[in-house]
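**Student:** With the sequence up front, the predicted model follows.
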Amino acid sequence: RLDAALVADMAGATALLDRSGQDGGAALLAGQVVATGSAQSDAAAEGSGKATNTSDSPQPPAAGAVSLCSLLSGSGAVLELARKLLADAWVVESLQDLREGFAGTATTRSGRVLFAGWGEVRQVAEGGAERVLAKRNERDRLIAESEQAAAAEHAAGAELEQASERVRAADAARDRADGELREADRRLSDAAERQRKAGWLIEQRRAAPEQGPLAVKRAQLEGELAAERRALERRRSEEAERARRIARLLAQRESDLRHEPRAERLAAACLAAGEALVGVLEAIERLLDEDRAAGEQVSAELRACAQEEAEIQSALRVEGEAVTGAEVAAQRLRDQAAEAEQELATVCERLELALPEVNAEPLGGDQEQALRARLERLARRREQLGPVNPLAGQEYAEALAHVEELEERRTDLETALRELRGVIRETDRQIHETFNATFEAAARNFEELVGDVFPGGSGRLRLVNEEQSPQPVLGGQADTVEGSGENGAEAGAEAELEDEAQPDGEQMQGVEIEITPAGKSAKRLSLLSGGEKSMTALAFLFAVFLARPCPFYVLDEVEAALDDLNLDRFLTLLRRYADRAQFIVITHQKRTMEAADWLYGVSMAENGVSKVLSRRLPAEDSPQPILSPQVAPVA
């Protein structure tokens, strides 16, 4: 009855139950219960007593009312019990027709019941047994669904355990993030405190600008501000350059889009031309095959002709050698005859005799004897002269050709030496120009970077000249080269080249670094601390990097001697130029590791196998780090 609605009277109960539908409902009459609760109970008890003690049936509560007991059938004992229980239960047409003071139970044929004893009006649900069966089926379905829900609940419990593990891991990550946040807050507080101190120092400096320590601080702050301004200008220029590049790429893209149809037409034309050329190439290949076959035939004929020609040339050589031998023999005989005639003429001239004719009369005995004696003297003189070399002319011609060849070689060498000197001079000029351009760019970058690494300080790069001592000549010989002929000329040319490449008293250029931190007057590197030397070296390294950039740099423990402030400046430089090159830093500094994008380390497990551990650190705007490491063994 706690689910029943509380109404004022029977009309309200009727209206409420008419709206309840087929599920039925219950209503409590508040006025009747409050007013006649105890009286009705007494009346009910009295009525039941009367029903028990007398056989007279009670009066109908309304016209046309039928006693509920009269509608029952069954055995006598059951009917007797039913009459006792339903003594004052009636079936009426309408509950509105009941008389006043009715304290029994009245029901209508539509299933609406009035329990007047406690003031309850109830509407029985429609459907009867079918509804009960439906409710039972609904119950079975609900039981099956509850079993499925229990299984799902079990699976959900397992998933909940896994989610709890993930939540615990996320909580641990959150705790670490909270720690990092607290550390960042502490750093922020420290930075705010330093900013406040800096503002106070600025005010103090403005109030007393001539005080020493404040002047140093002011210089440092001004240097930092200037560095930030330069960095801002660089960022603006880079953004402008990026915008111009984007505009240029967009214009190029639009031009490409405009030319795309033309390119497609050209591609289609090229494809058609390629298909047409395939047939032409096939025809050309056929012609080439025919020409190749004809060429092979002609080559075979040429080889046969060449073989015949070689045989003819061999025969001609043999015959030519024979003819040459005959000609040489005939020429030798002619030479001997000419020499004999010349000797005869000489003998006749010396003997003051007339040149005898060939067909003249033979000489007399005295003349013949005198001529024989003279011939003997001439023969002895010829023997004293030694044997005659018939190949002296050929050897002289060969020696003359060799000398001419050496002269040509000497001319070529001298020309090559002159060209080599020109190449050396051009190379030296290019080296000097490249060095000067690189030095000027590095010097400008160094002056800017010194303001970043030493706020308020200054520094520069300058060239120095160092006198070079005279270089000794190769081989330890004197500076002057003595020699004659070809060797002397080559040695002189080599010495001249050496002297031109390395002249005496040449001034070699070197680079000197001058650095003056804020508040110090020292300019020599030997007078600086270890951290200042490291920052100077880093400034020089980045200056050269900006002048001649490389794809990546390996920095090995370069910040080992740096304190926290200088370490911040070093990390600022790395972040500033990280988009131009890749920096690989070998370090043990925790803050340097926190500033990196990737971490790589080598760890050795208990089995003695080394592993390379890698971690990708999250970006500054990432909510939490990536917890999935990549581990690879090292062979």
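**Tutor:** Sure, I can see it.

**Student:** CA only for contacts and neighbour counts going forward, please
**Tutor:** Will do.

**Student:** low-confidence ranges in the stretch 301-450 of the chain?
**Tutor:** 320, 351-364, 382, 384-389, 392 (pLDDT under 70).

**Student:** let's see it at 50
**Tutor:** 360 (pLDDT under 50).

**Student:** for it, what spans make up the helices?
**Tutor:** 365-385, 392-453 (DSSP state H, counting those that start in this stretch).

**Student:** Restricting to C-alpha, output the first one in CSV.
**Tutor:** Extracted C-alpha coordinates of helix 365-385, given in CSV (Å, rounded to 0.1, in the frame of the first residue of the first chain):
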residue,chain,number,x,y,z
GLY,A,365,158.2,0.0,-113.5
ASP,A,366,159.5,3.0,-111.5
GLN,A,367,156.1,4.7,-111.5
GLU,A,368,154.3,1.5,-110.5
GLN,A,369,156.7,0.9,-107.7
ALA,A,370,156.4,4.5,-106.5
LEU,A,371,152.6,4.2,-106.6
ARG,A,372,152.7,0.9,-104.7
ALA,A,373,154.9,2.4,-102.0
ARG,A,374,152.5,5.3,-101.7
LEU,A,375,149.5,3.0,-101.5
GLU,A,376,151.3,1.1,-98.7
ARG,A,377,151.8,4.4,-96.8
LEU,A,378,148.2,5.3,-97.3
ALA,A,379,147.1,1.9,-96.1
ARG,A,380,149.2,2.3,-93.0
ARG,A,381,147.7,5.7,-92.3
ARG,A,382,144.2,4.2,-92.8
GLU,A,383,144.9,1.5,-90.4
GLN,A,384,146.1,4.0,-87.9
LEU,A,385,142.8,5.8,-88.3
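
**Student:** How far away from the center of its chain is that helix?
**Tutor:** A distance of 106 Å separates the C-alpha centroid of helix 365-385 from that of its chain, computed with Cα atoms, centre = their mean, to the nearest Å.

**Student:** residue contacts, V585?
**Tutor:** 554-557 (Cα atoms under 8 Å, 6 or more residues apart in numbering).

**Student:** Helices along this protein, start to end?
**Tutor:** Using DSSP state H, the helices of the chain run over 10-18, 30-53, 76-85, 129-207, 212-350, 365-385, 392-453, 485-501, 530-547, 564-576, 590-594.

**Student:** Is it possible to get JSON lines of these that adds distance to A62?
**Tutor:** Shown next, in JSON lines, are the helices of the chain (distance: least, Cα to Cα, whole Å):
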{"stretch": "helix 10-18", "distance to A62": "16"}
{"stretch": "helix 30-53", "distance to A62": "17"}
{"stretch": "helix 76-85", "distance to A62": "20"}
{"stretch": "helix 129-207", "distance to A62": "30"}
{"stretch": "helix 212-350", "distance to A62": "98"}
{"stretch": "helix 365-385", "distance to A62": "190"}
{"stretch": "helix 392-453", "distance to A62": "110"}
{"stretch": "helix 485-501", "distance to A62": "144"}
{"stretch": "helix 530-547", "distance to A62": "113"}
{"stretch": "helix 564-576", "distance to A62": "101"}
{"stretch": "helix 590-594", "distance to A62": "96"}
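
**Student:** which of those helices sits most buried?
**Tutor:** Comparing the helices of the chain by mean neighbour count (mean count of other Cα atoms under 10 Å), helix 530-547 comes out on top with a mean of 19.

**Student:** can you name the two of the contacts of V585 that are farthest apart?
**Tutor:** Within those, V554 and E557 form the most distant pair, 9.8 Å apart (Cα to Cα).

**Student:** which neighbours do the two share?
**Tutor:** By Cα under 8 Å, 6+ apart, the residues touching both V554 and E557 are 585-586.

**Student:** ok so, going back, for the helices of the chain, which one sits closest to S521?
**Tutor:** Of the helices of the chain, nearest to S521 by Cα to Cα is helix 212-350, at 12.1 Å.

**Student:** L613 bridge partners, please.
**Tutor:** As for beta bridges, L613 partners with G601, V631 under DSSP bridges.

**Student:** Could you count how many residues lie near it?
**Tutor:** 15 (other Cα atoms under 10 Å).

**Student:** Near the closest residue in space to S610 that isn't next to it in sequence, how many other residues are there?
**Tutor:** Nearest non-adjacent residue to S610, counting by Cα to Cα, 6 or more residues apart in numbering: M604, 4.3 Å away. M604 has 12 neighbouring residues, counting by other Cα under 10 Å.

**Student:** List the contacts of A226.
**Tutor:** G451.

**Student:** how far away is it from E239?
**Tutor:** 20 Å (Cα to Cα, to the nearest Å).

**Student:** Same check on V298?
**Tutor:** From V298 to E239 the distance is 73 Å (Cα to Cα).

**Student:** One more: R139?
**Tutor:** In terms of Cα to Cα, R139 sits 72 Å off from E239.

**Student:** Using neighbour counts, pick out the buried residues of stretch 511-527.
**Tutor:** Burial within stretch 511-527, assessed by neighbour count using 16 or more other Cα atoms under 10 Å, is assigned to 513, 515-518, 525.

**Student:** Tell me where the model's unsure across the chain.
**Tutor:** 34-55, 360, 467-506, 621-635.

**Student:** returning to what we had before: determine which of the helices of the stretch 301-450 of the chain approaches L617 most closely.
**Tutor:** helix 392-453 (26.3 Å).

**Student:** If I take the closest one and helix 212-350, what angle do their directions form?
**Tutor:** For helix 392-453 against helix 212-350, the angle by axes from the mean of the first three to the mean of the last three Cα atoms, to 10 degrees is 180 degrees.

**Student:** mind checking how far helix 392-453 is from the chain centre?
**Tutor:** 42 Å.

**Student:** swap in stretch 604-621?
**Tutor:** 20 Å.

**Student:** Using PDB, write out the CA atom coordinates for that stretch.
**Tutor:** Taking C-alpha atoms only, stretch 604-621 is exported to PDB below (Å, rounded to 0.1, in the frame of the first residue of the first chain):
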ATOM      1  CA  MET A 604      74.000  -3.900 -19.500                       C
ATOM      2  CA  ALA A 605      71.700  -6.500 -18.000                       C
ATOM      3  CA  GLU A 606      72.600  -9.300 -15.600                       C
ATOM      4  CA  ASN A 607      73.400 -11.600 -18.500                       C
ATOM      5  CA  GLY A 608      76.200  -9.300 -19.700                       C
ATOM      6  CA  VAL A 609      74.400  -8.200 -22.900                       C
ATOM      7  CA  SER A 610      74.400  -4.500 -23.700                       C
ATOM      8  CA  LYS A 611      71.200  -2.800 -24.800                       C
ATOM      9  CA  VAL A 612      70.600   0.500 -26.300                       C
ATOM     10  CA  LEU A 613      67.700   2.300 -24.700                       C
ATOM     11  CA  SER A 614      65.900   5.100 -26.500                       C
ATOM     12  CA  ARG A 615      63.300   7.400 -25.200                       C
ATOM     13  CA  ARG A 616      61.400  10.100 -27.100                       C
ATOM     14  CA  LEU A 617      60.800  13.000 -24.700                       C
ATOM     15  CA  PRO A 618      57.400  14.800 -25.100                       C
ATOM     16  CA  ALA A 619      57.100  18.200 -26.500                       C
ATOM     17  CA  GLU A 620      56.500  21.200 -24.200                       C
ATOM     18  CA  ASP A 621      52.800  21.100 -24.900                       C
END
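
**Student:** buried residues in that stretch?
**Tutor:** The neighbour-count criterion (16+ other Cα under 10 Å) identifies 611, 614-617 as the buried residues of stretch 604-621.

**Student:** Kindly report the same for stretch 99-115.
**Tutor:** 102-108, 112-115.

**Student:** re earlier: my read is that the residue nearest to S610 contacts L613, right?
**Tutor:** No. Between M604 and L613 there is no contact under Cα atoms under 8 Å: 10.2 Å.
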